[in-house]
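*Asks:* Here is a sequence together with a model predicted from it:
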Amino acid sequence: MNILILANHFNPGGISSYILNLAQGLAVKGHQVYVGSAGGEWVERLKKNNIEHINLPLKTKSIISPKLLFSYFILKKELRDKRLDIIHSQTRVTSVLAYWLSRKTTVPFISTAHGFFKPRWVRLRFPCWGDSVIAISEAVKEHLIADFKVAPDKIRLVHNGIDVKSSQKPVTSNQKEIKEKFGLKEGPVVGIIARLSEVKGHIYLIQAMKKVIAQIPEVQLLSVGDGTIKKELENLARGLGILERVRFVPAVADTREALSVMDVFVMPSLQEGLGLSIMEAMLSGLAVIASSVGGIPSLIKDGHTGILVEPKDAEALAKAIISLLRDNKKASELGKNARELIVKEFSLERMVQETEEVYRLCLR
């Protein structure tokens, strides 16, 4: 198949990771894959894997932007010249673009719902869902049915997958060297890898760390990711008197080094489709503490593959973090079970195969 995957941009993030993994997996199976976006830091990663990138003027969040019209004409020609069989959109903007392309060319299109959406009247009036809609978790599937009245037989549940065969060891195994790179000192490290956005719940983690540090003074927090609320989070940590124990570092293309120096991984999200960084932490064998929201319970079985807490509960987060830092045996057991779950049920091979099946159904 000749497949076009669309996204607004290709900068570091969950959707870009999903596209890169999917494109690589499909290419290995003999498909010709193209990625269309406004470009970004990770385009070079596509090129290294011999996946062609189509530059589109899609730096917009508006579905009525003229940029969609320009992109439409670029892609209409590409659909013809490259004899594309499937369009696969990843965002609201690209779904609207794919909808009109599909209507005018009869090339079927699929959309992936990576999370939860506000049921605004525009989206309800002009849904622009694909011929099939991939939901990345059962919670997202239920959301599409309940809030957007998407027909259940139109939705296909395909969990995100990650490359479980790739080495989870960092480039260097020197823990001291990696810690110095991230500005960390000696002592246990609590970590989070997520964009700095209110929905990720960093505020509650920082509040929890105040309580954790009171019990375990040498503990540090490593936050990996970029975002709009960095200054707010720094001010919060400063106000709580723990800024010197918190390190904010930019998003990284390869998370293995960051994960390798963490003792506990925390994801206190207020909303989460599934959680790629949670999956990466689980694959690395880390004990994970996460909010019981969205698709996270698909990954975290409380007390078996991690610990679940209620969202916005800094007290519960602190209690869970302290318990794992003080009980290495329990943390190790949770990490072992977590890794086994990812390898068994959330492999990249499985995701690629199930996505490929959705494509074939649309082509019948």
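*Replies:* Right, received. Where do you want to start? Numbering: from 1, shown residues only.
*Asks:* Give me the neighbour count for Q24.
*Replies:* 18 (other CB atoms under 10 Å). For glycine as for every other residue, the C-beta is placed from the backbone atoms N, C-alpha and C.
*Asks:* With V352 instead?
*Replies:* Counted with other CB under 10 Å, V352 comes out at 22.
*Asks:* so is K185 in a helix, a strand, or just coil?
*Replies:* With DSSP: H, G, I helix; E, B strand; the rest coil as the basis, K185 sits in coil.
*Asks:* Bridged to the closest residue to it other than its chain neighbours, which residues?
*Replies:* Excluding its sequence neighbours, the residue lying closest to K185 (CB to CB, 6 or more residues apart in numbering) is Q220, at 6.6 Å. Q220 forms beta bridges with V189, as assigned by DSSP bridges.
*Asks:* Hmm, G187 and Q220 touching each other?
*Replies:* Yes - between Q220 and G187 a contact is recorded at 5.9 Å, counting by CB atoms under 8 Å.
*Asks:* Pick out whichever of the two has more residues nearby.
*Replies:* Per other CB under 10 Å, whichever of Q220 and G187 has more neighbours is Q220, with 25 against 13.
*Asks:* Contact partners for the nearest residue to S137 once chain neighbours are set aside?
*Replies:* In space, S137 comes closest to G295 once its chain neighbours are excluded; the distance is 2.7 Å by CB to CB, 6+ apart. Listed by CB atoms under 8 Å, 6 or more residues apart in numbering, the contact set of G295 reads I136, S137, E138, A139, V140, E272, G273, L274, G275.
*Asks:* Looking at those, which one is closest to T112?
*Replies:* Nearest to T112 among the contacts of G295: I136, at 6.8 Å, using CB to CB.
*Asks:* Just the buried ones out of the contacts of G295, please.
*Replies:* Those of the contacts of G295 that meet the buried threshold are I136, S137, A139, V140, E272, G273, L274, G275, by 16 or more other CB atoms under 10 Å.
*Asks:* A98 versus the residue positioned nearest the centre of the chain, what's the distance?
*Replies:* Centrality entry for the chain: nearest residue to the mean C-alpha point is G14, 2.9 Å, by CA atoms, centre = their mean. G14 sits 20 Å away from A98, going by CB to CB, to the nearest Å.
*Asks:* before we move on, the earlier item: what's the spacing between the residue nearest to K185 and S71?
*Replies:* Distance from Q220 to S71, by CB to CB: 44 Å.
*Asks:* Just give the nearest non-adjacent residue to R339, would you?
*Replies:* Going by CB to CB, 6+ apart, R339 has G285 as its nearest residue, at 4.9 Å.
*Asks:* how about the longest helix along the chain: buried residues?
*Replies:* In the chain, assigned by DSSP state H, the helix with the most residues is helix 328-345. Neighbour counts using 16+ other CB under 10 Å place A331, L334, G335, N337, A338, R339, L341, I342 of helix 328-345 among the buried residues.
*Asks:* tell me the secondary structure for the nearest residue to H114 once chain neighbours are set aside?
*Replies:* Excluding the flanking residues, the one nearest H114 by CB to CB, 6+ apart is G273, at 5.0 Å. The three-state label given to G273 by three-state DSSP is coil.
*Asks:* Also R123?
*Replies:* Assigned state for R123: helix (three-state reduction, three-state DSSP).
*Asks:* cool, T60 as well?
*Replies:* Classification of T60 by three-state DSSP places it in coil.
*Asks:* if I look at K47, how far off is H53?
*Replies:* Taking CB to CB, one finds K47 at 7 Å from H53.
*Asks:* Between these two, point out the one with more neighbours.
*Replies:* Neighbours per residue (other CB under 10 Å) separate K47 from H53, with H53 holding more: 19 against 11.
*Asks:* Look up phi and psi at that one.
*Replies:* Per-residue torsions, H53: phi -110, psi 130 (degrees, to the nearest 10).
*Asks:* G36 now?
*Replies:* Torsion angles, degrees, to the nearest 10, at G36: phi -110, psi 130.
*Asks:* That one reaches L79, doesn't it?
*Replies:* No - between G36 and L79 there is no contact under CB under 8 Å: 10.5 Å.
*Asks:* picking that back up, can you lay out the contacts of G295 as CSV showing distance to G30 and pLDDT?
*Replies:* Formatted as CSV, these follow (distance: CB to CB, whole Å; pLDDT from 0 to 100):
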residue, distance to G30, pLDDT
I136, 25, 96
S137, 29, 95
E138, 31, 95
A139, 33, 95
V140, 29, 96
E272, 33, 94
G273, 29, 92
L274, 27, 92
G275, 30, 91
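*Asks:* OK, contacts around the residue nearest to R339?
*Replies:* Counting by CB under 8 Å, 6+ apart, G285 makes contact with Q168, G335, K336, A338, R339.
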